[in-house]
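Q: this one's structure only:
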C-alpha cells in the first residue's frame, strides 16, 4: 500500500496538467493562468501585444506542463515579491481545472510554502522610513 495518499508524490513532477498552462504577468500588475492553445507562439504574440492605451504589454512568465513545474514557477514568483494570495489562487485553479488528481493536501502544502516564501521576501526587502 502506498504510504503517500497524494498522487502527486513528493514533487508532483509526473502529474501532467491538461492542458498545459501559461502563467502571465499583466502590465496592470495582475497574474493569470491561461490554458495553452495549440498555436502557443501565436498565443504568446497575442498576449504580449502592446496595449493601445499605455504601450506596455503582458508577459508570458512561464509555460507549465506539470504540477512540479507549477510549484517551481509559483515559488519563483513568491521569491520575487508577488502576493501569496494571487499565487495560491493560481495553484487552486490549476489543481481544480487542469490537474484534478492533485489533492487538497498538496494544494494546501504549496499554499503554505508560497505564503512563507512571500513573507520572507517582504521581510528581506522591508525598508525603514527615515526618522
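A: Yes, it's here. Given the structure is predicted, the values throughout are model-derived calculations rather than measurements.
Q: nearest residue to the residue nearest to the spatial centre of the chain other than its sequence neighbours?
A: In the chain, the centroid-proximal residue (C-alpha atoms, centre = their mean) is residue 74; its distance is 3.9 Å. Leaving aside its chain neighbours, residue 74 sits nearest to residue 87 (4.8 Å; criterion: C-beta to C-beta, 6 or more residues apart in numbering). Backbone N, C-alpha and C define where each C-beta goes, glycine included.
Q: Against which helices or strands is the helix or strand containing the one you found packed?
A: Residue 87 belongs to helix 84-93 when assigned by DSSP states H and E. Secondary-structure packing of helix 84-93 (3 or more C-beta pairs under 8 Å, 6 or more residues apart in numbering; DSSP states H and E): strand 31-35, helix 67-79, helix 104-124.
Q: I'd like a version of the ones you listed in a markdown table, one that adds distance to residue 94 and mean pLDDT as further columns.
A: What follows is the helices and strands packed on helix 84-93, written out as a markdown table (distance: least, C-beta to C-beta, whole Å; pLDDT from 0 to 100):
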| stretch | distance to residue 94 | mean pLDDT |
| --- | --- | --- |
| strand 31-35 | 6 | 94 |
| helix 67-79 | 6 | 94 |
| helix 104-124 | 9 | 91 |
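Q: Take these and lay them out in JSON lines including distance to residue 24.
A: JSON lines is the format used below for these (distance: least, C-beta to C-beta, whole Å):
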{"stretch": "strand 31-35", "distance to residue 24": "4"}
{"stretch": "helix 67-79", "distance to residue 24": "11"}
{"stretch": "helix 104-124", "distance to residue 24": "18"}
